[in-house]
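Participant: prediction below, plus the sequence it came from.
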Amino acid sequence: MPHMTHNLLASLRPLLVAEASAEAHAAGTEPGDLEQAVWLRLLERLEAGGPPHDPQGWLRKAVRSEARRTRRTISIERPYGLEPADDSESGPEHLVLAAAGRRALREAVRRLPGRCPRLLEALLSPRDLTYREIAGELGISQGSLGPERSRCLGCLRRLLTPEVAAREPRG
């Protein structure tokens, strides 16, 4: 049976290539896309109940059916590229607000107690330091860096909470 299926597929390939090439442009698609869709339908058909009685006729009908389906789909679908879904991150306002947010964060970090300012500055560094490098810079063990970081972030959170809450619109 697999040999017979292989022979059927091999014999239908030139016809499918020709039919798909003839229908693709009018359907608004690529010939290869139509070929792939028809091959899939044929393989599903072979698994479900065997080869069609008239393979060439079935193939021509399948190509036209897939071309119609593609035309319907294309007429309904709209590309995303026409308008951005969310342009809030693309304007100068976003850049100004992001810079202000970074400044506010750095100011808050400088107000923290102990070695928290140095630790968080190292974590925020554009140099993207490793824990080993940060521990070396601060003169502390690498194992104590995680708990120290957690404590400093907790302090920063408590420091920023009143400022963030004060800016939220009320109503």
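Facilitator: Arrived safely.
Participant: any idea of the pLDDT on Glu47?
Facilitator: pLDDT for Glu47: 88.
Participant: distance of it relative to Leu8?
Facilitator: Counting by C-beta to C-beta, to the nearest Å, the gap from Glu47 to Leu8 is 13 Å. Using the backbone N, CA and C atoms, a C-beta is placed for each residue, glycine as well.
Participant: so if I had to pick from those two, which one is more boxed in?
Facilitator: Per other C-beta atoms under 10 Å, whichever of Glu47 and Leu8 has more neighbours is Leu8, with 15 against 8.
Participant: my guess is that one meets Pro55, correct?
Facilitator: Yes - shown here, Leu8 and Pro55 form a contact pair, counting by C-beta atoms under 8 Å, at 6.2 Å.
Participant: run through the neighbouring helices and strands of the worst-scoring helix or strand of the chain on mean pLDDT.
Facilitator: Using mean pLDDT, DSSP states H and E, helix 142-167 stands out as the lowest-scoring helix or strand of the chain, at a mean of 83. Under the contact definition 3 or more C-beta pairs under 8 Å, 6 or more residues apart in numbering; DSSP states H and E, helix 142-167 sits against helix 92-110, helix 116-124, helix 131-138.
Participant: out of these, flag the one nearest Gly154.
Facilitator: The closest approach between Gly154 and any of the helices and strands packed on helix 142-167, judged by C-beta to C-beta, belongs to helix 116-124 at 9.8 Å.
Participant: low-scoring stretches of this structure, by residue?
Facilitator: Applying pLDDT under 70 to the chain flags residues 1-4, 79-90, 163-171.
Participant: give the residue farthest from the middle of it.
Facilitator: Residue farthest from the centre of the chain, counting by C-alpha atoms, centre = their mean, is His53 at 44.1 Å.
Participant: distance of that one from Arg45?
Facilitator: 11 Å.
Participant: before we move on, what about Ala135?
Facilitator: 65 Å.
Participant: which one of those two is surrounded by more residues?
Facilitator: Legend: neighbour count by other C-beta under 10 Å for Ala135 and Arg45, higher for Ala135 (19 against 15).
Participant: about what we covered before: could the helices and strands packed on helix 142-167 go into CSV alongside distance to Thr70?
Facilitator: Output for the helices and strands packed on helix 142-167, formatted as CSV (distance: least, C-beta to C-beta, whole Å):
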stretch, distance to Thr70
helix 92-110, 39
helix 116-124, 51
helix 131-138, 54
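Participant: kindly compare burial across these and name the winner.
Facilitator: For those, the largest average neighbour count (mean count of other C-beta atoms under 10 Å) is found in helix 116-124, namely a mean of 18.
Participant: now the angle from it to helix 142-167?
Facilitator: Using axes from the mean of the first three to the mean of the last three C-alpha atoms, to 10 degrees, the inter-axis angle of helix 116-124 relative to helix 142-167 is 100 degrees.
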